[in-house]
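**Q** What follows is a predicted protein model with its sequence.
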Amino acid sequence: MTIDWGLKKTGYIAPTYEEFLDSVEDDFRTRFGDKTALTSNSNLGVIARLMADAVYDQTQQQEMIYYSRFYSTAFDSSLDRLAANVGLWRKVDAPARAQIVITTSDEYLIQQGEKFETEDGFIFDLVDDVLTTEQNDGTFQGTGNVQCEEKGEIGNVDANTITIVSNPDEDIISVTNPQPAGGGQDYEDDETLRKRLIMENAARPGPTELGIKSALMNLLGVKQVGFIDNSKFIPDEYGNPPCSVHVYVLGGNDQDIAQCLIDHGAAGINLAGSLTYSAKDAAGDIKEVKFDHAKQHRIYVKVQVNINDAWNSDNGVDDIKEAICDEINSLELGQKLYLTRLYPVTYDVNGVNDAVITIGSDRAKLGSADIAVDRSEFAHCDLDDVEVDLIGL
């Protein structure tokens, strides 16, 4: 076979099936003459196609093996094994957790397994017994930890939404979760794991800003991490104290975040934030850390697309939505969304002739202006937030 294929200095060369077939047919003509019948219904034509198909399948498998060695091209279990080499694991689906405050009419024991829920029907189980005791204001309250019965990010409900006692109890006056539920995690896809793996190699978990970000991003449910570093000796324009670092985390469980900051924060670092949590350091001493939840700045997008014959009617719309969401969700804390960033990823989708894109923070008020994002927010867009209208064909 005269065709050049296999591992070369420039990488792995994998010809197409048609190129292999042309090469086999050329070999047959060289051996049996130029007038040899090689049509699809001739004997030698069938044999040529069987040979080309076998070699093509072999090269495809070899190409997959070759590219499974690299972070940028590995997938599925190959990517898992590369990540395991540096002590990184794919995040599996996990339930959200929250802390609830229960108010009763008198001192009362609420046993483990009691169920509480949101108005939307998400059920949370109490994971330990809670004894309510009398407070300074004369009420009886107790704090307990609950876990969502349903796995995934869908269980990361907002603060003050777990307010229903599934099995009504006349001794329980009220229940609520002062902070949002966190830690709910969907099964991590290849692209998300790949980004964490690349980040892990750029900055191993440690006391640097990138190291702390890498460690926090490995926590279940954490989607984004950002910092406001005030190196001045006076408060900054955001109200952060002098010589402090304000950590903003989107998603995740508060106690897990606190433990991570204590495990990986530099000694003596002054952390700012409205949330204060305690956890043990490596020596077993209790330390306090401060941080805040970053907020999602919801972005809505409408795309009017003029398409041509190369348009994929099955996946084209989804491809545009995913490309736009990926571009928006890649923005860092407080980073402004420029409308022009969305055009290249839209034109990269096959079959797009022309596009008109409008964006906004309100689905009913879309325009062509760039969107400013607050310093404590992350721009965020879901697939349902992108509307695609097709023009042409």
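**A** Okay, I see it.

**Q** Thr143: neighbour count?
**A** Close neighbours of Thr143, defined as other C-beta atoms under 10 Å, add up to 11. For every residue, glycine as well, the C-beta is placed using N, CA and C.

**Q** With adjacent residues omitted, what lies nearest to it?
**A** The shortest distance from Thr143 to any residue other than its chain neighbours is 5.6 Å, reached at Val101 (C-beta to C-beta, 6 or more residues apart in numbering).

**Q** Please settle this for me: is the one you found part of a helix?
**A** No: according to DSSP: H, G, I helix; E, B strand; the rest coil, the state of Val101 is strand, so it is not within a helix.

**Q** Kindly list the longest helix within the chain.
**A** For the chain, the helix that runs over the most residues, judged by DSSP state H, is helix 43-67.

**Q** Against which helices or strands is that one packed?
**A** Applying 3 or more C-beta pairs under 8 Å, 6 or more residues apart in numbering; DSSP states H and E, one finds that helix 43-67 makes contact with strand 6-8, strand 11-13, helix 17-32.

**Q** related to what we said a few turns ago, is the residue nearest to Thr143 in contact with Gln141, as I believe?
**A** Yes: using C-beta atoms under 8 Å, Val101 is in contact with Gln141, at 5.8 Å.

**Q** Tell me who's in contact with the residue nearest to Thr143.
**A** Gln141, Gly142, Thr143, Val175, Thr176, Asn177, Pro178 (C-beta atoms under 8 Å, 6 or more residues apart in numbering).

**Q** between the residues you listed, which is closest to Phe75?
**A** Phe75 has its nearest neighbour among these in Asn177, at 37.9 Å by C-beta to C-beta.

**Q** can you count the residues close to the closest one?
**A** When neighbours are defined as other C-beta under 10 Å, Asn177 has 21 of them.

**Q** per-residue pLDDT, the residue nearest to Thr143?
**A** Val101 carries a pLDDT value of 96.

**Q** again, but for Leu393
**A** Looking at Leu393 specifically, the model assigns a pLDDT of 59.

**Q** Repeat that for Arg298.
**A** At Arg298, the pLDDT recorded in the model is 93.

**Q** what about it, distance to Val386?
**A** According to C-beta to C-beta, to the nearest Å, Arg298 stands 12 Å off from Val386.
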